[in-house]
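>>> Sequence first, then the predicted structure:
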Amino acid sequence: MKELIILGVTGSIGRQVLETIKGKDFRVRSISCGKRVELLDDVIRDYNIEYLSVSDDSLDTVNKVNKLKEKYPNLIVGYNQEGLIKAVTDYPGDVVNAITGIAGLIPTVKAIESKKNVMLANKETLVVAGNIIFEMAKNNNVRIVPIDSEHNALYRLMNNVKEKEISKLIITASGGAFREKTREELFDVTIDDALAHPNWSMGAKITVDCATMVNKGLEVIEAHHLFNFDYDRIETVIHPESIIHSMVEYNDNSVGALMYNPSMLIPIQYAIYENNVECAIDSTSVKKISFKDLKQITFREMDEVRFPMIKLAYEVGKAGGLLPTVFNASNEAAVSLFLNKKIKFLQIEEIIKKACYEYRDINKVKPNYTIEDIINLDKEVKANILL
Ligand code: NDP
Ligand code: MG
């Protein structure tokens, strides 16, 4: 039996992790959520959950927790960051980190310190602290396995291939909700428009990140850290059908691509089972590609004028240090303002650009940094934006 701790269990990835392991030989004793406690009744019953971490301790959420505890009196509940850390450290198992945003950083760190392998959907962890995380993972002899579909595809394509046999990594991008719109047409787009992703159903933050192309920028930085590739060996290409999930170009100019109909169940199962085919998910969960129906797949060059955030992400990634933290924090703050109808869509880009400019000398001021510095800077950048 394999033991798992699932963080962000109420989210889009978290729920699909549960779907992936349903009826299989798994034991889950510890889970975490933000505030949507009302979604967890069945989960606590079906998996006999012992510990629940809730990140929100508002009266409303505590009320919902108390109702749950009436039904499950043995359930132990922890709150806030302290409670989240306990979810990782006090129970056995590999950790699936499906929390959204920088809130996923500390649990990743704690998992590694507790010598637990991490199946990582939370790309923000690697964007802000990739160097530190991989150094820690090496010292603690744990694996970080990506769930993000592009990186999971690259991870599979690079299996048993030497780094020097590869000339570049090519990350595919669907183009998001507004890929057919010009910049002028973005002026008045609404939240609903931004959340209508053509190929994927995901949490709100990442769906907006796809529309701004910030998501692909974060993924370029994520790939740099995961695979230790220089930025000039990481390319992006728009592929509207989302059938190819990324590609590896080898030195002989041959290219390997991983294809499946868009579904996160594939990368989730690969990360969790890692070649353990006996436990593999039901092969009917994801529809086979019918090449007869598909007929064609298409590609477009990434346009840095139409999608300026991709260019900025490369600049920020190459600069390294604390600048990716500024990029990530300003994006999280701007997306939350957009989702709360406080700003227009195009202002997300303006806020990120302004923050990266204001902090352009941060690496000179602070060339060496710790996880604590990242957390403090994240708070500072967000406070300036969320005034
Ligand atoms: P969702 O918004 O659907 O879910 C996020 C989860 O994190 C929820 O369980 C939420 O709790 C919890 N959460 C939110 N804020 C906090 C916090 N401050 N502290 C602790 N927990 C918190 O997001 P997704 O599942 O879409 O994405 C999760 C991660 O996976 C992101 O990093 C995303 O970039 C990445 N990813 C997602 C993909 C997808 O298909 N969805 C694809 C590739 C990567 P609650 O629901 O209770 O508020
Ligand atoms: Mg992705």
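Done, it's in. Bear in mind that the values here come from a model prediction, so they are computed numbers and not experimental data. Numbering: from 1, shown residues only. Ligands and ions are numbered 1, 2, ... in the order given.
>>> burial count for E70?
7 (other C-beta atoms under 10 Å). For every residue, glycine as well, the C-beta is placed using N, CA and C.
>>> Quick check on it: phi, psi?
The phi and psi torsions at E70 (degrees, to the nearest 10) take the values phi -60, psi -40.
>>> Next: I31.
Dihedral angles of I31 (phi, psi; degrees, to the nearest 10) stand at phi -140, psi 160.
>>> Share the number of residues neighbouring it, please.
Counted with other C-beta under 10 Å, the neighbours of I31 add up to 27.
>>> hang on, it packs against R15?
No. At 11.4 Å, I31 does not count as touching R15 under the criterion of C-beta atoms under 8 Å.
>>> if I look at the two, which residues touch both of them?
Residues touching both I31 and R15 (C-beta atoms under 8 Å, 6 or more residues apart in numbering): V9.
>>> List the residues that contact whichever residue of the chain sits closest to ligand 2.
Proximity to ligand 2, evaluated over the chain using C-beta to the ion, is greatest for D148 at 4.3 Å. Contact partners of D148, counting by C-beta under 8 Å, 6+ apart, are L120, A121, K123, E219, E222, P267.
>>> So which elements touch the lowest-mean-pLDDT helix or strand in the chain?
Within the chain, no helix or strand scores below helix 265-273, which has a mean of 92 by mean pLDDT, DSSP states H and E. On a contact count with 3 or more C-beta pairs under 8 Å, 6 or more residues apart in numbering; DSSP states H and E, helix 265-273 meets helix 12-21, strand 94-97, strand 118-120, strand 144-146, helix 149-157.
>>> hmm, stretch 104-121 touching ligand 1?
Yes. Legend: contact between stretch 104-121 and ligand 1 by C-beta under 6 Å from any ligand atom is shown at A121.
>>> List the buried residues of that stretch.
Residues 104-112, 114, 116-121 are the ones in stretch 104-121 that count as buried (16 or more other C-beta atoms under 10 Å).
>>> ok, now stretch 26-34?
In stretch 26-34, the ones that count as buried by 16+ other C-beta under 10 Å are F26, V28, R29, S30, I31, S32, C33, G34.
>>> quick one on the thing from earlier: what about the least confident helix or strand of the chain, near ligand 1?
No. When contact is scored as C-beta under 6 Å from any ligand atom, no part of helix 265-273 falls within range of ligand 1; the minimum is 7.8 Å.
>>> which residues sit against that helix?
Contacts with helix 265-273, where a contact means C-beta under 8 Å, 6+ apart, come from 2, 4, 13, 16-17, 19-21, 94, 96, 119, 145-149, 152-153, 155-156, 245, 260, 279-281, 285-286.
>>> Narrow these to those that are buried.
Using 16+ other C-beta under 10 Å as the burial test, the contacts of helix 265-273 include 4, 13, 16-17, 20-21, 94, 96, 119, 145-149, 152-153, 155-156, 245, 260, 281, 286 as buried.
>>> what's the closest of the contacts of D148 to ligand 1?
Nearest to ligand 1 out of the contacts of D148 is A121 (C-beta to the nearest ligand atom; 3.3 Å).
>>> how distant is stretch 50-69 from the center of its chain?
Using C-alpha atoms, centre = their mean, to the nearest Å, we find the averaged C-alpha position of stretch 50-69 to lie 25 Å away from the chain's own average C-alpha position.
>>> can you check stretch 358-368 too?
26 Å.
>>> list the buried ones in that stretch?
Buried residues in stretch 358-368, counting neighbours by 16+ other C-beta under 10 Å, are found at Y359, I362.
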